[in-house]
Every structure is written in C-alpha cells, then in structure tokens.
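*Asks:* Quick one, fold the following:
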Amino acid sequence: MNILHMRYAVEIADTKSLNKAAGNLYVGQPNLSRAIKDLENDLGITIFERSHKGMTLTPNGETFIKYAKSVLKQIDDIENLFKDNNDRKIRFSLSVPRASYIADTFAKFTKTLSSKDNAEFFYRETNSMRTIKNVLQEDYNLGIVRYAENFDKFYKNTFEEKNLVHEMIAEFRYVLIMSKNSPLASLKNITYNDLKDYIEISHADPYVPSLSFAEVKKEELPDNSKRKIFLFERASQFELLAQNPECFMWVSPVPDELKERYSLVECACDENKRVYKDVLIHKKDYALSKTDKQFIEMLIEGKRNILK
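*Replies:* Numbers count the residues shown, from 1 in each chain. Predicted coordinates:
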C-alpha cells in the first residue's frame with residue numbers, strides 16, 4: 001500500500017472534494033483520481049462514492065479513513081520522536097531549466113528563512129533530461145522540465161514510464177531580449193530576417209536524447225543568425241547582452257527588475273509560433289513538504305506577474 005496515496009485519501013475525505021484536495025496537495029486532478037483508484041484496487045474496496053455533490057465515503061471508506069488517520073499520525077510521531085522541531089533541518093532541493101523567473105522566485109524564497117532555521121537549499125540549473133535524472137537518481141525532491149510543445153508526447157510518456165507526478169507550471173512563447181542600445185530595440189515587431197546580422201546567444205545543451213544536437217537546434221531555434229554564442233552558464237548571458245548591443249537571445253519572459261538592472265528590453269516577434277511548457281515533477285511516492293508547497297505558491301505567483 002502506498003503511504004502517499006493514503007494521505008491523498010485522507011485529504012479527499014476531509015475536503016469532500018477531489019478538486020479542492022488536488023489544489024491543497026498540488027497534484028493534478030487526473031493524477032489524484034488515478035492514485036485513489038489504484039488504492040481502491042490494492043485494497044479491493046470502494047473508498048469513495050463519486051457524484052455531482054462531491055466525494056462521499058462508503059462504509060468501507062469510513063473504516064479505512066479512520067485507520068489511515070491513525071497510521072499516518074503514528075508515522076508522523078515516529079518522524080518527530082527523536083527530533084526537536086527547533087533542530088530539524090529543512091532540506092529543499094530543486095533542479096530547473098535556466099529561467100530568470102524561476103531564479104528570481106528562488107532568490108525571493110530564500111528570504112523567507114529566519115536566523116533560527118537550520119536549513120540546506122540545493123538549486124541546480126541544467127537541461128530537462130538531466131533534471132529528470134536528478135529527481136530519479138540524485139536525491140532532488142523537485143524538478144522543473146522545460147520543453148517545446150511538439151515534444152509533449154515524448155515527455156509525458158517519459159514521466160509515466162518513470163513514475164513521476166507532473167504538473168504544468170507555465171506555458172508561453174519565447175520572447176527576444178537585448179540591450180536597450182541595440183538597433184533592434186527600436187523595432188515594433190522583429191522578424192527572423194531582422195536577426196540575421198546579429199549575434200544569437202543560446203544555451204548549449206540539448207535535452208531530447210532521441211535527437212542529435214543539430215536536430216534539436218533545428219527544431220528549437222530559427223537558424224537565421226550567422227553568428228552564435230553557446231553558453232552553459234545563465235549568469236553570463238546578461239553580461240553579454242548588456243555589454244554587446246549586437247547580441248540577442250530567445251528567452252522565457254524576464255522579470256522587470258532584471259531587465260532594469262541590466263538595461264535590457266523584451267521585443268516581440270510575431271513569426272515565432274513555438275509554445276513552450278515548464279512542468280513541475282517529483283516522484284509519485286514523495287509527499288510535498290511545507291517548504292516545497294511554499295516555494296510552489298511563490299513560483300505560481302511570480303509566473304502570474306510575468307506571464308500577464
């Protein structure tokens with residue numbers, strides 16, 4: 001029996017709503033419904049009656065929830081038995097794409113730590129397949145995977161095969177970013193042809209293993225620019241953009257304060273129709289901590305402010 005699924009069932013019983021429970025647990029409603037169905041199959045009983053009025057416990061369900069709450073309390077008591085709350089170490093780990101709005105949220109998130117907290121935070125920027133590996137094998141509790149919409153089936157199949165919970169955080173089109181002093185900055189709408197004489201900055205690591213590096217670049221970026229700089233470190237991109245007016249970059253939307261700090265501007269390109277997704281992942285048997293939930297709330301709020 002999956003302990004996480006047991007916690008899911010208790011939350012549904014308390015809220016009497018699959019939708020409310022999904023929101024409280026930061027789990028998609030389809031994934032939550034599937035988890036409860038798996039739990040019912042494992043036990044050989046029906047826990048909930050589903051109707052337009054919500055989720056109602058069956059007689060067997062009432063008995064199960066009574067024992068489940070007792071078991072979960074004992075598990076929590078065991079975890080707390082030898083640990084004083086003041087001494088417990090907060091551990092937060094996140095593997096992400098190189099994205100300014102995520103980095104900006106993480107920076108603000110660290111400010112929530114008090115001087116009394118005993119905490120370790122791990123934040124790693126990398127490509128999408130490496131993020132999946134980090135969550136599965138490297139003890140990262142959370143990951144955010146970025147991919148173009150045309151790779152949706154590939155990644156969703158991968159998540160299912162690897163038993164990863166996946167929830168979309170953001171959906172967007174890339175924008176162009178450059179120095180305020182760039183000649184491109186004065187254009188109302190930039191075309192691909194306008195970019196051909198400028199220097200394109202791009203992150204250098206491909207993230208779809210079934211495709212070659214050249215194929216990924218062909219899929220992801222319009223191949224108009226004759227001069228390109230490939231970077232593995234996100235911090236370098238802003239310095240390059242700020243100091244060289246001939247440089248530009250395709251990025252997810254950037255927080256205003258970062259653009260102001262480096263004297264950068266975002267510009268539209270109507271020819272760009274590619275849609276990208278940022279998807280939160282974690283193992284199915286991992287229960288989100290209070291710290292995890294706090295970060296996710298801040299990330300969603302930060303995303304709303306940027307992707308207006």
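*Asks:* C-alpha only now, for contacts and for neighbours.
*Replies:* Noted.
*Asks:* Who is Leu142 paired with across the strands?
*Replies:* Leu94 (DSSP bridges).
*Asks:* Isn't it up against Ser93?
*Replies:* Yes. Checked against Cα atoms under 8 Å, the pair Leu142 and Ser93 is within contact range at 6.3 Å.
*Asks:* Pull the contacting residues for Gly143.
*Replies:* Contact analysis of Gly143 by Cα atoms under 8 Å, 6 or more residues apart in numbering lists 94-96, 131-132, 134-135, 280-282.
*Asks:* In strands only, show me the residues you listed.
*Replies:* The strands, defined by DSSP state E, take in 94-96, 280-282 from these.
*Asks:* With respect to Lys259, which of those is nearest?
*Replies:* Val96 (20.8 Å; Cα to Cα).
*Asks:* From Tyr276, how far out is the closest one?
*Replies:* 14 Å (Cα to Cα, to the nearest Å).
*Asks:* Show me which of these two is the more surrounded one.
*Replies:* Val96 (25 against 20; other Cα atoms under 10 Å).
*Asks:* and Phe109, what are its phi and psi?
*Replies:* Here is the backbone geometry of Phe109 (degrees, to the nearest 10): phi -60, psi -40.
*Asks:* Ile12: neighbouring residues, count only.
*Replies:* Neighbours of Ile12 using other Cα under 10 Å come to 24.
*Asks:* That one against Met55, yeah?
*Replies:* Yes. Between Ile12 and Met55 there is a contact under Cα under 8 Å: 7.3 Å.
*Asks:* Now for those two: what residues contact both?
*Replies:* By Cα under 8 Å, 6+ apart, the residues touching both Ile12 and Met55 are Leu18.
*Asks:* picking that back up, tabulate the ones in strands among the contacts of Gly143 (TSV), appending distance to Asn305.
*Replies:* Output for those, formatted as TSV (distance: Cα to Cα, whole Å):
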residue	distance to Asn305
Leu94	21
Ser95	22
Val96	19
Leu280	18
Ile281	22
His282	25
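*Asks:* Can you pick out the most distant pair from the residues you listed?
*Replies:* Val96 and His282 (12.1 Å).
*Asks:* Roughly how far does the most far-flung residue of the chain relative to its centre sit from Glu11?
*Replies:* Of all residues in the chain, Pro59 has its C-alpha farthest from the mean position, at 38.6 Å, by Cα atoms, centre = their mean. Separation of Pro59 from Glu11 (Cα to Cα): 17 Å.
*Asks:* So which of the contacts of Gly143 is the closest to Asn163?
*Replies:* Out of the contacts of Gly143, the member with the shortest distance to Asn163 (by Cα to Cα) is His282, at 8.8 Å.
*Asks:* Thought His166 was touching that closest one, still the case?
*Replies:* Yes. Using Cα under 8 Å, His282 is in contact with His166, at 7.0 Å.
*Asks:* max-length helix in this structure?
*Replies:* helix 59-81 (DSSP state H).
*Asks:* Now for the closest residue in space to Thr131 that isn't next to it in sequence, how many residues are close by?
*Replies:* Among residues not flanking Thr131 along the chain, Ser95 sits closest, at 5.4 Å (Cα to Cα, 6 or more residues apart in numbering). Using other Cα under 10 Å, Ser95 is surrounded by 26 other residues.
*Asks:* rewinding a little: ok, now which ones touch the residue farthest from the centre of the chain?
*Replies:* Here Pro59 is in contact with Ile47 (Cα under 8 Å, 6+ apart).
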